[in-house]
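A.B. asks: Got a predicted model here, sequence first, then my questions.
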Amino acid sequence: MKTILAVATIAALYSCWSPRELQAEMVSAELVKIDTAFRYSRPEQLLTWRDVNDVNYVTYAPMNNIFFVGSKMIVLVKK
């Protein structure tokens with residue numbers, strides 16, 4: 001009886017867990033605009049990236065990092 005109860009408990013625990021997969025694709029994006037934004041009482045760079053499908057992505061970076069308009073970067077995009 002204890003064996004059946006142990007097997008049933010293990011089966012119940014493993015049935016609740018399932019592996020999760022992230023489906024994304026890598027897209028090349030180009031830096032099109034650099035602005036300055038104040039976040040948390042300090043200035044940061046607001047970088048706008050555009051991919052080949054004309055979708056814009058926004059990221060923040062510290063002011064001491066140097067970026068050039070026209071730089072390319074790989075972006076993970078959710079499918």
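C.D. replies: Nice, I can see it. Numbers count the residues shown, from 1 in each chain.

A.B. asks: in its sheet, what does the lengthiest strand in the chain sit against?
C.D. replies: The residue-count maximum for a strand in the chain (DSSP state E) belongs to strand 24-39. Partner strands and pairing direction for strand 24-39 (DSSP bridges) are strand 42-51 (antiparallel), strand 72-78 (antiparallel).

A.B. asks: buried residues in the longest one?
C.D. replies: Looking back up the chat, that one is strand 42-51. The neighbour-count check on strand 42-51 (16 or more other CB atoms under 10 Å) flags Glu44, Gln45, Leu46, Leu47, Thr48, Trp49, Asp51 as buried. C-betas here are computed from N, CA, C, even on glycine.

A.B. asks: ok, which pair from those is furthest apart?
C.D. replies: By the measure CB to CB, Glu44 and Asp51 form the most distant pair in these, at 22.3 Å.

A.B. asks: Just list the residues touching Pro43, thanks.
C.D. replies: Contacts for Pro43 (CB atoms under 8 Å, 6 or more residues apart in numbering) come out as Thr36, Ala37, Met63.

A.B. asks: if we go to 10 Å?
C.D. replies: Residues in contact with Pro43 (CB atoms under 10 Å, 6 or more residues apart in numbering) are Thr36, Ala37, Pro62, Met63.

A.B. asks: that older thread, how about the strands paired with strand 24-39, which one is nearest Arg20?
C.D. replies: Here strand 72-78 is closest among these (CB to CB), at 13.2 Å.

A.B. asks: what's near enough to touch Glu25?
C.D. replies: Here Glu25 is in contact with Val75, Leu76, Val77, Lys78, Lys79 (CB under 10 Å, 6+ apart).

A.B. asks: ok, back up a step: Throw the buried residues of strand 42-51 into a markdown table and include pLDDT and distance to Thr3, thanks.
C.D. replies: As requested, the buried residues of strand 42-51 are exported to a markdown table (pLDDT from 0 to 100; distance: CB to CB, whole Å):
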| residue | pLDDT | distance to Thr3 |
| --- | --- | --- |
| Glu44 | 95 | 60 |
| Gln45 | 95 | 62 |
| Leu46 | 95 | 62 |
| Leu47 | 95 | 60 |
| Thr48 | 95 | 62 |
| Trp49 | 94 | 58 |
| Asp51 | 91 | 56 |
